[in-house]
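K.L.:
Any chance you can model this:
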Amino acid sequence: MESGVQMILFTVKKYDWRAIVTNKKTCQMRRNFLKTAAVVIGVPLVVPPGVITSCAMSQGTTLPNSFVRMGLIGTGRQCYFHNIPGFVRNQRNQVAALCDVDSWRLEECGKKVLELYETSVSLARVRPKNIDTYVDYHELLDRQDIDAVMISTPDHWHTAQAIDDMRAGKHVALEKPVIRTIAEGKELVKVSAETKRIFRADSEFRSGKAAHHAAELVRNGRLGKIHRVVVTVPESDVPLAAQPDMPIPKELDYERWQGPAIRAPYTLHRVHSPHDLNTRPGWMRHLYYCDGMITNWGTHLLNGALWALGLDRTFPVEIEGKGVYPQPDSFWNVLLKFEVKYRYENGVEIVYKTERPYYRIEGEKGWIEVTFEGMKAEPESLLTEQIGEEEIRFPLRSEKEDFIDSVINNTETLEPAVVGHCVTSTCLLGHIAVRTGEKIRFDPEKQTMMDSSKSAEYLDKPLTTSH
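P.N.:
Numbering: from 1, shown residues only. Down below sits the predicted model:
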């Protein structure tokens with residue numbers, strides 16, 4: 001058994017979920033079922049001239065004028081409204097396949113992909129004849145003509161699917177947060193390096209002009225020595241009364257949805273609303289499946305601050321925190337409020353807490369405050385400060401463009417696996433400190449707690465309870 005799988009099986013107890021998704025006989029039965037049930041939309045794909053093949057990319061070929069053929073795994077709200085439009089509109093890319101355990105979502109997203117291609121003359125060259133759909137993502141990975149995947153599944157699936165995808169020879173764009181444990185992060189970095197697959201943590205915050213300009217200002221010393229850093233995220237999670245068991249919707253393969261998570265009865269607010277792509281899914285507020293706002297928005301805003309400070313490829317050395325969880329009888333159980341203090345080896349200290357979405361970096365020469373909407377600064381001249389050609393500069397492009405560029409040119413993305421690991425693990429260290437009440441002393445080189453017995457338990461297993 002591969003080490004990346006071992007890290008997540010502890011939650012499954014005696015239920016072998018992987019028998020469902022990897023058993024060859026089961027996979028062949030699934031393939032036969034897909035054919036007889038006419039899951040595939042339309043007719044077989046016709047490969048347009050210049051489509052890059054997995055074989056070509058595995059040899060490190062640089063083909064700047066070619067296309068990347070993609071499969072999208074997970075077709076929920078984020079995929080429908082953001083990832084499908086972002087990838088379909090890139091003319092060096094073709095979305096050819098979709099995968100989800102919810103057949104209604106698969107159908108809706110398949111319609112959207114084809115509609116976007118059919119209504120754009122500029123995309124005619126890369127327009128597929130049909131969109132193939134799958135329930136088992138391993139069957140999508142069997143496709144030798146798929147070069148890359150975008151993973152938009154719930155958080156508890158992220159690392160397992162990303163590792164499987166890279167080992168299958170696919171380049172990976174992965175929704176944030178990319179991991180649920182520090183051990184998973186180490187494995188993600190290891191597999192990305194071993195397989196030489198391009199990896200991109202799919203956080204759009206670095207693609208915003210404000211975050212981009214802020215990173216260049218701070219990296220080039222415009223604020224001088226840094227005195228104070230505050231990062232805050234919205235206080236938007238809520239408790240929920242205990243929920244009854246419910247019948248599983250006919251379009252949902254609930255066993256596959258649970259995957260590596262603890263087994264629990266189906267109820268609507270544990271998963272997502274049937275026949276609905278607009279409502280925030282309930283799994284985002286349950287510790288079986290995610291860590292809540294501390295990682296969800298932290299991988300935007302704390303990410304932006306760490307990028308600006310040049311600390312996005314390392315870890316803090318001291319972490320302490322406090323927070324408020326819902327009452328033990330609440331069905332939703334992620335943190336409602338938190339405040340975490342980080343100290344880094346270079347002396348920089350960061351306060352990370354719930355309030356509103358922004359980060360503020362104060363230095364001896366001025367300060368900047370960054371949000372999704374823009375930036376404030378003192379002095380105001382920082383807002384229009386020019387960065388010289390010989391200074392530290394970053395490409396300003398969408399996260400989708402960054403990923404496709406990197407796949408085609410065989411270059412590192414703006415958020416490779418090491419950044420996804422370090423940023424998300426920093427959020428997780430904050431959550432662990434809140435949960436255990438310990439002041440954590442962390443060794444960035446060994447990536448382990450130095451003297452925290454309770455906290456060390458969560459290096460290789462996610463927090464699944466609040467009390």
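K.L.:
and the longest strand for the protein?
P.N.:
When the chain is parsed with DSSP state E, its longest strand is strand 226-234.
K.L.:
residues of it that come out buried?
P.N.:
226, 229-233 (16 or more other CB atoms under 10 Å). All C-beta atoms are positioned from the backbone trio N, CA, C, and that covers glycine.
K.L.:
ok, of these, which one's closest to Leu72?
P.N.:
Val233 (27.0 Å; CB to CB).
K.L.:
I'd like the distance from the closest one to Lys337, if you could.
P.N.:
Distance of Val233 to Lys337, computed by CB to CB, to the nearest Å: 11 Å.
K.L.:
Can you check which residues contact both of those two?
P.N.:
When CB atoms under 8 Å, 6 or more residues apart in numbering defines a contact, the residues bordering Val233 and Lys337 alike are 353-354.
K.L.:
mind listing the helices for the stretch 151-300 of the chain?
P.N.:
158-167, 182-195, 209-219, 254-258, 293-296, 298-309 (DSSP state H, counting those that start in this stretch).
K.L.:
meant to ask about the stretch 301-450 of the chain, not that
P.N.:
Using DSSP H, counting those that start in this stretch, helices in the stretch 301-450 of the chain cover 399-409, 417-436.
K.L.:
hey, which of these is tucked in deepest?
P.N.:
helix 417-436 (a mean of 26; mean count of other CB atoms under 10 Å).
K.L.:
Counting by contacts, list what that one packs against.
P.N.:
helix 182-195, strand 199-202, helix 293-296, helix 298-309, strand 318-324, strand 337-343, strand 440-443, helix 453-456 (3 or more CB pairs under 8 Å, 6 or more residues apart in numbering; DSSP states H and E).
K.L.:
got a list of what Gly420 touches?
P.N.:
Contacts of Gly420 (CB under 8 Å, 6+ apart): 174, 176, 178-179, 185, 188, 199, 201.
K.L.:
Would you quantify the distance from it to Ser452?
P.N.:
24 Å.
K.L.:
What part of the chain, helix or strand, is modelled with the least confidence?
P.N.:
When each helix and strand of the chain is scored by mean pLDDT, DSSP states H and E, helix 3-6 comes last, with a mean of 33.
K.L.:
Which residues are in contact with Met450?
P.N.:
441-443.
K.L.:
rerun that using 6 Å as the cut-off
P.N.:
441, 443 (CB atoms under 6 Å, 6 or more residues apart in numbering).
K.L.:
Relative to Ile226, how far out is it?
P.N.:
Met450 is 25 Å from Ile226, by CB to CB.
K.L.:
And for Glu255?
P.N.:
Counting by CB to CB, the gap from Glu255 to Ile226 is 49 Å.
K.L.:
closest one to Ile248 among the helices of the stretch 301-450 of the chain?
P.N.:
Short answer: helix 417-436, nearest of these by CB to CB, at 30.3 Å.
K.L.:
what angle do that closest one and strand 318-324 make?
P.N.:
Taking axes from the mean of the first three to the mean of the last three CA atoms, to 10 degrees, one finds helix 417-436 and strand 318-324 inclined to each other by 60 degrees.
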